[in-house]
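Q: what's the 3D shape of this:
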Amino acid sequence: MNIIIVGRRHGESRNIKLTSTVKHLLLGLLFALPMAMGAAGYWLAERLSGDMALAPDAAKAWERDLVEQREELQALRHSAEQEMAALTVRLAEIQSRVMRIDAVGERLVDSAGLPTDEFDFGVAPSVGGPIAAPESNYQVPEISNAIQQLADRITSREQQLDILDDLFAAQKLSEDTFVAGRPITKGWMSSRYGYRADPFTGRSAWHAGVDFAGKDGSDIVAVAAGVVTYSGPRYGYGNLVEVNHGNGYKTRYAHCKEIKVSVGDIVRKSDVIALMGSTGRSTGPHVHFEVFKNGRSVDPAAYIHRRPR
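A: As a prediction, this is how the structure comes out:
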């Protein structure tokens with residue numbers, strides 16, 4: 001097979017002779033080129049049609065995601081609003097409690113006559129400390145700061161009230177153990193402390209207490225708080241009750257008709273410890289009352305007319 005090529009210049013021509021192998025290769029290319037172009041066009045059309053079909057589905061998926069995110073955001077916002085409302089209510093409750101604690105504290109200080117500058121419930125507790133570098137840029141919400149301040153204030157008030165409670169307890173204990181008053185609720189003094197004529201012999205004899213006469217079976221009361229250290233019969237005393245009040249004080253109640261307490265019992269001031277009678281060396285219903293200070297007998301009259309603290 002010969003191919004003639006004619007040039008543009010001077011009309012020259014060139015003759016090219018093709019071998020059989022080259023001839024078959026060219027014929028194959030001429031037949032394959034249209035088929036390749038058709039296949040490429042078909043593949044391109046399929047891709048374009050597929051992308052056009054996927055586009056609406058992707059848009060719908062994105063829209064669903066946006067809707068879900070909006071719903072989650074609204075739920076979080078609603079939850080935050082509810083928590084904020086609950087914190088606000090809680091803050092109001094704590095504030096009212098602080099006001100009541102302050103009012104009680106002020107009344108206690110006034111009633112006890114304590115120095116107001118030492119227990120001032122109207123002043124916020126003093127705080128302080130060195131400046132510390134912030135760990136992060138996070139800012140605590142104002143309501144959380146307010147709750148923390150109230151918590152600190154309550155802690156300070158509780159400490160002050162604990163101190164007041166201890167002071168009142170000590171003051172109450174001192175008042176209760178203060179030996180003062182009569183050992184009876186009804187009756188009269190029938191014999192004094194010191195030398196007197198013995199009611200059985202008529203001779204002068206030492207009387208280590210005072211006698212209170214009254215109705216048989218009437219109440220005998222403790223003149224101060226303490227612990228019962230003796231309860232039972234004793235020679236000359238009849239049925240006897242002995243109470244230790246601490247601070248070196250001890251009292252005795254003799255000739256009882258009936259004893260109402262036992263050894264080890266804790267009695268308070270004005271508690272009924274026995275009933276008046278005439279047991280032992282006695283001429284009639286009365287209570288023989290003795291007071292001891294640091295182991296020595298003293299005149300009970302000084303304590304009978306003693307004014308409470």
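
Q: so, low pLDDT: which residues of the stretch 1-150 of the chain?
A: For the stretch 1-150 of the chain, applying pLDDT under 70 flags the ranges 1-59, 100, 102, 104-144.

Q: and residue 294, how many neighbours?
A: Neighbour count for residue 294, taken as other Cβ atoms under 10 Å: 9. All C-beta atoms are positioned from the backbone trio N, CA, C, and that covers glycine.

Q: ok, it touching residue 248?
A: Yes: under the criterion of Cβ atoms under 8 Å, residue 294 makes contact with residue 248 at 4.2 Å.

Q: can you tell me how far residue 65 sits from residue 72?
A: Distance, residue 65 to residue 72, by Cβ to Cβ, to the nearest Å: 11 Å.

Q: next one: residue 82
A: From residue 82 to residue 72 the distance is 16 Å (Cβ to Cβ).

Q: kindly report the same for residue 265.
A: Distance, residue 265 to residue 72, using Cβ to Cβ: 70 Å.

Q: can you pull the domain assignment for this protein?
A: Domain ranges of the chain: 2-72, 81-122+142-176, 188-304, per automatic domain parsing.

Q: pretty sure residue 242 contacts residue 228?
A: Yes: using Cβ under 8 Å, residue 242 is in contact with residue 228, at 7.2 Å.

Q: show me the strands in this protein, by range?
A: Ranges of strands within the chain are 2-6, 13-17, 188-191, 194-197, 204-207, 210-213, 219-221, 226-234, 238-246, 249-259, 266-267, 272-276, 286-293, 296-298, based on DSSP state E.

Q: buried set for stretch 185-192?
A: Going by neighbour count (16 or more other Cβ atoms under 10 Å), the buried part of stretch 185-192 is 187, 189, 191.

Q: please read the previous query as pertaining to stretch 205-216.
A: Buried-residue list, stretch 205-216, by 16+ other Cβ under 10 Å: 207, 209-214.

Q: dump these to JSON lines, plus pLDDT.
A: Compiled in JSON lines, those are given as follows (pLDDT from 0 to 100):
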{"residue": "207", "pLDDT": "93"}
{"residue": "209", "pLDDT": "94"}
{"residue": "210", "pLDDT": "95"}
{"residue": "211", "pLDDT": "95"}
{"residue": "212", "pLDDT": "95"}
{"residue": "213", "pLDDT": "95"}
{"residue": "214", "pLDDT": "94"}
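
Q: pull the most distant pair out of these.
A: Spatial extent of these (Cβ to Cβ) is set by the pair 207 and 214 at 18.1 Å.

Q: and residue 191, bridged to which residues?
A: Residue 191 has these beta-bridge partners by DSSP bridges: residue 211.

Q: list the contacts for it?
A: By Cβ atoms under 8 Å, 6 or more residues apart in numbering, the contact list for residue 191 reads 207, 210-211.

Q: nearest to residue 153 among those?
A: Looking across the contacts of residue 191 and measuring by Cβ to Cβ, the closest to residue 153 is residue 210, at 55.2 Å.

Q: now the closest one: how far from residue 178?
A: Remark: distance between residue 210 and residue 178 (Cβ to Cβ) = 19 Å.

Q: same check, this time on residue 205
A: Distance from residue 205 to residue 178, counting by Cβ to Cβ: 31 Å.

Q: do residue 272 as well
A: From residue 272 to residue 178 the distance is 19 Å (Cβ to Cβ).

Q: out of those two, which sits in the more crowded spot?
A: Of the pair residue 272 and residue 178, residue 178 is the one with more neighbours under other Cβ under 10 Å, namely 20 against 14.

Q: my read: residue 250 touches residue 292, true?
A: Yes: with contact defined as Cβ under 8 Å, residue 250 reaches residue 292; the gap is 4.3 Å.

Q: comparing residue 265 and residue 72, which shows the higher neighbour count?
A: Neighbour count, other Cβ under 10 Å: between residue 265 and residue 72, residue 265 has more, with 16 against 10.

Q: mind checking the end-to-end distance for stretch 260-267?
A: One end of stretch 260-267 sits 11 Å from the other (Cα to Cα, to the nearest Å).

Q: in it, which residues are buried?
A: Here stretch 260-267 shows 260-261, 265, 267 as buried, counting by 16+ other Cβ under 10 Å.

Q: same thing with stretch 229-243?
A: Residues of stretch 229-243 classed as buried by neighbour count (16+ other Cβ under 10 Å): 231, 237-243.

Q: which among those gets closest to residue 150?
A: Nearest member of the buried residues of stretch 229-243 to residue 150, counting by Cβ to Cβ, is residue 243, at 48.0 Å.

Q: which strand residues bridge that closest one?
A: The partner list for residue 243 in beta bridges (DSSP bridges) reads residue 228, residue 251.
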